[in-house]
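Student: Need a 3D model of the sequence below.
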Amino acid sequence: MKELVVPFCGERYRERERLGRLIAPPYDVIDPAERARLAALDEHNIVHLMLPEAPPPGDRYAWAAEQLAAWRRQGVLVRDAEPAVYVMAQGSRLGVFVALAAEGYEPRRVRPHEKTHSGPKADRLALLRATRTNLESIFLLAPDRDGALAHALAEIARRPQDASAELDGATIRLWAVRGADLSRFPLPEAPLYIADGHHRYETASAYARENPAADRVLAFVASARDPGLVILPTHRLIYGSGRRPDAMLALWRAWFDVARVPAGVDPVAHLAELGRDRTACLVASPDGSILGLGLKPEAPLDQVRDLGASAAVGSLDVARVEALVVKPILHADTSTPTLRYTADAREALAAVREGGASAAVLLNPTRVEQVFAVADAGDVMPPKSTYFAPKVPSGLVLKPCQE
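Tutor: Next up is the predicted model:
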């Protein structure tokens, strides 16, 4: 079996001094307003390629391919002459860009934890077929049990960087590791776990089946031991009439210890303490009250449906809170509710106080070892279970699909 990850000849922007105007967050977190803002920063911002807008009545995927070819002719993008891996520091988080085998999940060397949808994959596959280039990366975690990867990344990060930029308030630094340094670098080994980019990995694997020479995909790998690795929870916002949290109290008290969060107490800190050794959540109401729910030790979870196919999913706070807290609120009225998500607890609370939400349900973050356990069990997490922050930037390094 071929190597799981290898170095590659990356393609990068020639003008590194304005790199902050050329890179962007991943495509799937860019709304139309943000897309317009990024596009206005520079005519060569990567968003023009990864979220192309062709002049009507043009084919936007073909247009992206034409723009990419033009940027190459003009020297906007330049291919490195020798293989390398590319170490990135983004704030305090470290990781490395590599070329990953686009082999799907069957060999179990790359493991998912999310369910994907056909629409995004069809969109990304059409763009990949047109450009034949990985314009952005997927994001993987390596267990790194001996800490070799984390140590090597920290060593590289002590050197003067090759390029730097700012994006969304985070300082980004990049190093190309090649030659003798590359021969000593501990490339990540299987299994690797997808943190973000399930759709992109499945798309790359589908494209590799069509084009066997395009058998690798651009991937950013971080060590699970990296102290800069951050997973945020994704809080639930519920909109819709007839969905009063106080009407759920009798139901919730059968499962949870329920108490109001005292005035003046930081809700996020309170939730962290409440959930230190058990499942917990906060439920905020429009009247300003916030309830803390801590799962009772004797709660009969074996009687709860929809906790997932595996014990790994059934142990997740997000699965339990979805089943016992969120779904009862959603089903409290016959009108159609709206469920929205945010990783920002302050935004969630403000949406209830001022934004018309009927309730906000705040959760503690999922832990890295829980992500691994779900993936190892071959199961998938409930939607919006994890938010890895910050998002890996697009445009620092590109990888043509056929070497």
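Student: If we ignore the residues flanking it in sequence, what's nearest residue 44?
Tutor: residue 76 (5.2 Å; CB to CB, 6 or more residues apart in numbering). To be clear about C-beta, it is placed using only N, CA and C from the backbone, and glycine gets the same treatment.
Student: okay, now the one you found: neighbour count?
Tutor: Residues lying near residue 76 (other CB atoms under 10 Å) number 16.
Student: Also residue 367?
Tutor: Residues lying near residue 367 (other CB under 10 Å) number 13.
Student: which element is the residue in the chain sticking out farthest from the centre on?
Tutor: Going by CA atoms, centre = their mean, the residue of the chain most distant from its centre is residue 250, 36.4 Å out. Residue 250 is part of helix 249-253 when elements are defined by DSSP states H and E.
Student: Give the buried residues for that helix.
Tutor: residue 252 (16 or more other CB atoms under 10 Å).
Student: What segments of the stretch 1-150 of the chain are helices?
Tutor: With DSSP state H, counting those that start in this stretch as the criterion, the stretch 1-150 of the chain has helices at 32-41, 47-50, 60-73, 118-131, 148-156.
Student: Nearest to residue 13, out of these?
Tutor: helix 60-73 (9.0 Å; CB to CB).
Student: helices and strands around that closest one, which ones?
Tutor: Applying 3 or more CB pairs under 8 Å, 6 or more residues apart in numbering; DSSP states H and E, one finds that helix 60-73 makes contact with helix 47-50, helix 118-131.
Student: would JSON lines of those helices with mean neighbour count be doable?
Tutor: Formatted as JSON lines, these follow (neighbours: other CB atoms under 10 Å):
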{"stretch": "helix 47-50", "mean neighbour count": "24"}
{"stretch": "helix 118-131", "mean neighbour count": "17"}
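Student: of the ones you listed, which approaches residue 112 most closely?
Tutor: Closest to residue 112 of the helices and strands packed on helix 60-73, according to CB to CB: helix 118-131, at 12.9 Å.
Student: Domain boundaries for this protein, per the record?
Tutor: 5-230+388-400, 234-364 (automatic domain parsing).
Student: buried sites along the lowest-mean-pLDDT helix or strand in the chain?
Tutor: In the chain, no helix or strand scores lower on mean pLDDT, DSSP states H and E than helix 327-330, which sits at a mean of 90. For helix 327-330, the neighbour count (16+ other CB under 10 Å) marks 329-330 as buried.
Student: can you check stretch 359-367 too?
Tutor: With burial defined by 16+ other CB under 10 Å, the residues of stretch 359-367 counted as buried are 359-366.
Student: Span of it from start to end?
Tutor: 25 Å (CA to CA, to the nearest Å).
Student: Any chance of a markdown table for the helices and strands packed on helix 60-73, columns distance to residue 214 and mean pLDDT?
Tutor: Listed next are the helices and strands packed on helix 60-73 as a markdown table, based on distance: least, CB to CB, whole Å; pLDDT from 0 to 100:
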| stretch | distance to residue 214 | mean pLDDT |
| --- | --- | --- |
| helix 47-50 | 17 | 98 |
| helix 118-131 | 8 | 97 |
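Student: can I get those helices in JSON lines with distance to residue 158?
Tutor: As requested, the helices and strands packed on helix 60-73 are exported to JSON lines (distance: least, CB to CB, whole Å):
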{"stretch": "helix 47-50", "distance to residue 158": "32"}
{"stretch": "helix 118-131", "distance to residue 158": "36"}
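Student: can you give me the strands for the stretch 201-350 of the chain?
Tutor: For the stretch 201-350 of the chain, the strands defined by DSSP state E, counting those that start in this stretch cover 216-223, 230-232, 235-239, 256-260, 280-284, 290-295, 338-342.
Student: and the longest one, how far out from the chain's middle?
Tutor: The chain centroid and the centroid of strand 216-223 are separated by 13 Å under CA atoms, centre = their mean, to the nearest Å.
Student: tell me the angle of that strand relative to helix 118-131?
Tutor: Angle, strand 216-223 to helix 118-131, by axes from the mean of the first three to the mean of the last three CA atoms, to 10 degrees: 120 degrees.
Student: Can you tell me the strand partners of strand 216-223 and which way each runs?
Tutor: Strand pairing for strand 216-223, using DSSP bridges, gives strand 93-101 (antiparallel), strand 138-142 (parallel).
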